[in-house]
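J.: Provided below for reference: sequence and predicted model.
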Amino acid sequence: MSVKFRDYYEILGVKRDATEDQIKQAFRKLARKHHPDVNPDNKTAEDKFKEINEAYEVLSDSEKRRRYDRLGANWKDGAEFTPPSGFTFSQGDPGDLFSGGGVFSDFFEMLFGESSEPRKARAAKGEDAQAEMTISLEDAHRGGVHRISVQSVRRCPDCNGAGSSNKRICVTCRGAGRVVTPRSIDVKIPPGARDKSVIKLVGQGQPGAGGGPSGDLYVTLRITPHPRFTVSGDDVTVESPITPWEAVLGARIEVPTLDGKAEMKVPAGSQGGQRLRLRAQGLNKRGGGRGDEYVKLKIVVPTSPTERERQLFRELAADSSFKPRK
Ligand SMILES: [Zn+2]
């Protein structure tokens, strides 16, 4: 029995020592060009597309590629091919070999036909995946469960990852064997998360091959800037406006905290720009405990005082002995 030799490197237009990435890139480029969706009712394009898929099927699989490379570099594409002696070929199923119209060529079937030599499913862990998630400062402080949507690569359910069924290219995955679908994942954020904290979700990465475990998903947290609080380590700072008389006489004022509000004493004689500390009102720490909150005082004056207020300030100006620039 002889079949036509196929030069898979020539088909993909890559060198024999091409890397996995180069092969993948060449395949993608060609597959886009010759895809049946782009070339409806074009038999030549369809044949070309099958050829490309076959070449990629072999060269992207290190085991198949190694086996193919053992044939040597001197074969010409389309040459009559008979297996060299001593080369172990699968016998294939004669019923399948010349049925025609299949996804893979007779040459492929002869080399890799699976009917007599089932593909060894090598268990391999799936690839790890990355995702980013934006949360508020309050959510980072308190923790909780947040839902995230990730683009997830899954084994194609229609062809079970083979890329073809009944020798036809699978229409669902277009021969890739994998489909990309959005997937919702609940991410449990521990209290005390910080900007750029990474949460590892075991087994939520890409699916494994040959019964291998899935990879892991690494979610990087991004905390949106807060309209009032600025963060420095475990501490937060908030600016609070006070009146001139509150600064002079002292007062009890209400200030915002991460958990709501708190009352704070402004001592008599406080200056603008001064920072007052509220102990343990900052961010939760991972190991327990909390940072502090700093309240930065900002003395503000009435911009449209009443006549009575102006009168009182005039009296103050006349009677005061305070000379800050002396
Ligand atoms: Zn499929």
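T.: The structure has been received and is ready for your questions. Numbering: from 1, shown residues only.
J.: Quick check: phi and psi on the residue lying closest to Gly233 once chain neighbours are set aside?
T.: Of all residues not flanking Gly233 in the chain, Gly291 sits nearest, at 6.5 Å (C-beta to C-beta, 6 or more residues apart in numbering). For glycine as for every other residue, the C-beta is placed from the backbone atoms N, C-alpha and C. For Gly291, the backbone dihedrals are phi -80, psi -170 (criterion: degrees, to the nearest 10).
J.: show me where the stretch 1-150 of the chain has strands.
T.: Here the stretch 1-150 of the chain has its strands, by DSSP state E, counting those that start in this stretch, at 3-4, 80-81, 129-135, 144-155.
J.: Can you tell me the strand partners of the second one and which way each runs?
T.: Strand partners for strand 80-81, identified by DSSP bridges, are recorded as strand 3-4 (antiparallel).
J.: Show me what the mean pLDDT comes to for the strand it pairs with.
T.: Mean per-residue pLDDT for strand 3-4: 82.
J.: List the neighbours of it that are in contact with it.
T.: Under the criterion C-beta atoms under 8 Å, 6 or more residues apart in numbering, residues Gly78, Ala79, Glu80, Phe81, Ser105, Asp106, Phe107, Met110 lie in contact with strand 3-4.
J.: returning to what we had before: looking at the strands of the stretch 1-150 of the chain, which is closest to the ion?
T.: The ion lies closest, by C-beta to the ion, to one member of the strands of the stretch 1-150 of the chain: strand 144-155, at 8.5 Å.
J.: Starting from that closest one, tell me which strands it pairs with and how they run.
T.: If you go by DSSP bridges, strand 144-155 pairs up with strand 178-189 (antiparallel).
J.: how about the strand it pairs with against the ion, any contact?
T.: No. Strand 178-189 lies out of reach of the ion by C-beta under 5 Å from the ion, never closer than 7.0 Å.
J.: Let me know the next secondary structure element after that strand.
T.: Next in sequence after strand 178-189, counting helices and strands by DSSP states H and E, comes strand 198-201.
J.: For Gln274, give its distance to the ion.
T.: Between Gln274 and the ion the computed distance is 67 Å (C-beta to the ion, to the nearest Å).
J.: Could you tell me how many residues sit around that residue?
T.: 17 (other C-beta atoms under 10 Å).
J.: Show me the shaky parts of the stretch 1-150 of the chain.
T.: Scanning the stretch 1-150 of the chain for pLDDT under 70 picks out the ranges 1-2, 83-103, 113-122.
J.: Checking the residue of the stretch 201-326 of the chain at minimum distance from the ion next. Helix, strand or coil?
T.: As assessed by C-beta to the ion, the ion sits closest to Pro207 within the stretch 201-326 of the chain, at 13.8 Å. Using DSSP: H, G, I helix; E, B strand; the rest coil, the structure places Pro207 in coil.
J.: neighbours of it, just the number please.
T.: The number of residues packed near Pro207 is 18, by other C-beta under 10 Å.
J.: Hmm, it is touching Glu127, no?
T.: No. Pro207 is beyond contact range of Glu127, at 9.1 Å (criterion: C-beta atoms under 8 Å).
J.: got a list of contacts for stretch 166-184?
T.: 35-37, 49-50, 53, 96, 99, 101-104, 147-159, 161-164.
J.: Going by neighbour count, list what's buried in that stretch.
T.: Going by neighbour count (16 or more other C-beta atoms under 10 Å), the buried part of stretch 166-184 is Ile169, Cys170, Cys173, Arg174, Gly175, Ala176, Gly177, Val179.
J.: now do the same end-to-end measure for that stretch.
T.: Start-to-end span of stretch 166-184 (C-alpha to C-alpha, to the nearest Å) is 33 Å.
J.: what about it, average pLDDT?
T.: On average, the pLDDT along stretch 166-184 is 83.
J.: Next, the contact list for Gly215, please.
T.: Lys125, Gly126, Glu127, Asp128, Ala129, Gly203, Gly205, Gln206, Gly208.
J.: try it again with 10 Å
T.: Shown in contact with Gly215 (C-beta atoms under 10 Å, 6 or more residues apart in numbering): 124-129, 202-208.
J.: Could you report the distance from Ile323 to Thr243?
T.: Residue 323: Lys, not Ile. Look at Lys323 and Thr243: by C-beta to C-beta, to the nearest Å, they are 22 Å apart.
J.: Tell me which of these two has more neighbours.
T.: Thr243 (14 against 6).
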